[in-house]
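In: after the sequence you'll find the predicted model.
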Amino acid sequence: MRPETTDKDRFLISLGLIAVSLLWLTVARNAWMTGLCWTGALLGAAGAVRFGWLRRRAARSEES
């Protein structure tokens, strides 16, 4: 059985998406490729903020 995906895992995947998108941006030669790379980086950043915030919020609720 697969373990459940946690917010920490999703946060790390989001960081990976940012890194891969920015690396591909260095070799992007077409306008559509550049747009796709920036879209991936922005979606990764949105995911990192979302799952990082959820993780922090869950940690706070456990403290109280």
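Out: That came in fine, so what should we check first? Numbering: from 1, shown residues only.
In: okay, CA-based contacts and neighbour counts for the rest of this
Out: Will do.
In: residue ranges with poor pLDDT in this structure?
Out: Scanning the chain for pLDDT under 70 picks out 1-2, 64.
In: repeat that with 80
Out: Across the chain, the ranges flagged by pLDDT under 80 are 1-2, 54-64.
In: how close does the most centrally placed residue in the chain sit to Val20?
Out: The centroid of the chain falls nearest to Ser14 when counting by C-alpha atoms, centre = their mean (1.6 Å). Using C-alpha to C-alpha, to the nearest Å, Ser14 is found at 10 Å from Val20.
In: spatially nearest residue to Asp7, not counting backbone neighbours?
Out: Nearest non-adjacent residue to Asp7, counting by C-alpha to C-alpha, 6 or more residues apart in numbering: Phe51, 5.5 Å away.
In: list the buried ones in the lengthiest helix in the chain?
Out: Longest helix in the chain by number of residues (criterion: DSSP state H): helix 31-63. Counting neighbours by 16 or more other C-alpha atoms under 10 Å, one finds that the buried residues in helix 31-63 are 34, 36-38, 40-48, 51-52.
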